[in-house]
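K.L.:
Just need the structure, nothing else, for what follows:
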Amino acid sequence: MEQISETFTVDLRRLTVLRELRRRGTLARTAEALHLTPSAVSQQIAALAREAGVPLTERDGRGVRLTGQARVLLAHADLIAAQLERARADLAAYGEGGRGSVTIGCFSSGILGLLPGALSALAVRLPHVRVDVVEAEPPDLFTALDAGQVDVAVAVDFAAAPPHTDRRYTRTDLFTDVLDLAVPAGHRLAGLDRVALRDLATDAWIVGDARSCCGAVARSVCAAAGFTPDIRHAVNDWGALAALVEAGQGVALIPRLVQPLYAHRRLALLPTEGAAPSRNVFVAVRAGSERDPVLAAVRDQLRAAADLVS
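P.N.:
Numbering: from 1, shown residues only. A predicted model of the protein is given here:
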């Protein structure tokens, strides 16, 4: 490896690849996330290593792992990315942020229960700003945020989401969304005021995919109650899930955020005994971009909408 030059420079796009490798852990997963081939990812990392003059990966069995130098470079990469976002925000603020476009990435129940109110308010507040919405969850949501494909991420805290200490993002907690048990109207427990989760250990369950936020939360909640749910149906669509519960096909956990949409269904929604199952909903932007007037307005309206639903 060459000695580090006093005037060395690095390609910011290659830094993005290295940041994604840190998140995904393998060349194959990084390539899939960035829509590249593993060979292309390897070439980008190798080129970045030549630019920096230090090794960035080392063999780890059949895969690779980041070197100490790579972690040092990534710490600076996060600061560089944040500073560039601050520059962009300052330029937007100079023009008063009254025009342009913004893309919000959000999980499905957030789109159903949170975004409509926020978008309606934004249309009045910023009539010349185009707002697009895409459905996404971590980790793909934050890959899109890093790449600039999404400007605002609305997400739920779970294993695939970045930790609170991740300085690549400026985040704001919006509200705590409680989940209630949904059982068919004729279920043996339907008339109770509160139900212990463990009382449903022998029931059939309807749960989202394990990689989704609610699928992950439901599994962890049941595990904490001391049982593994018998999952008969894996459903990510809330309307389909409620319909299956109504049809007597199983029980489920439904967040209060979307419950008003299914008030017409013949099912019972029951609070749980003890600490209520819940999920933390937050909004995040790239660190440094929080001063952008359009993004600031989006975050303000999301907070206002959250106050109405929490």
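
K.L.:
tell me the domain boundaries of the protein?
P.N.:
1-94, 97-174+280-309, 176-279 (automatic domain parsing).

K.L.:
Redo those domains as a markdown table? Include mean neighbour count and mean pLDDT.
P.N.:
For the C-beta atoms, the positions are set from N, CA and C on the backbone; glycine is no exception. Compiled in a markdown table, these are given as follows (neighbours: other CB atoms under 10 Å; pLDDT from 0 to 100):
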| stretch | mean neighbour count | mean pLDDT |
| --- | --- | --- |
| domain 1-94 | 16 | 84 |
| domain 97-174+280-309 | 19 | 93 |
| domain 176-279 | 18 | 93 |
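
K.L.:
List of residues touching stretch 299-310?
P.N.:
113-115, 117-119, 121-122, 125, 152, 154, 172, 174-177, 256-257, 281, 283, 285, 290 (CB atoms under 8 Å, 6 or more residues apart in numbering).

K.L.:
repeat that with 6 Å
P.N.:
Outside of stretch 299-310, the residues within contact range by CB atoms under 6 Å, 6 or more residues apart in numbering are 113-114, 117-118, 121-122, 174-175, 283.

K.L.:
What segments of the stretch 201-310 of the chain are helices?
P.N.:
Counting by DSSP state H, counting those that start in this stretch, the stretch 201-310 of the chain has helices at residues 213-224, 238-246, 293-309.

K.L.:
May I see those organised as a markdown table, with distance to Pro139 added?
P.N.:
Below are the helices of the stretch 201-310 of the chain laid out as a markdown table (distance: least, CB to CB, whole Å):
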| stretch | distance to Pro139 |
| --- | --- |
| helix 213-224 | 11 |
| helix 238-246 | 22 |
| helix 293-309 | 21 |
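
K.L.:
Output the contacting helices and strands for the biggest strand by length in the chain.
P.N.:
Longest strand in the chain by number of residues (criterion: DSSP state E): strand 169-184. Using 3 or more CB pairs under 6 Å, 6 or more residues apart in numbering; DSSP states H and E, the elements in contact with strand 169-184 are strand 252-255, strand 267-270, strand 278-286.

K.L.:
quick one, which of these is nearest to Thr143?
P.N.:
The closest of the helices and strands packed on strand 169-184 to Thr143 is strand 278-286. By CB to CB, the value is 12.3 Å.
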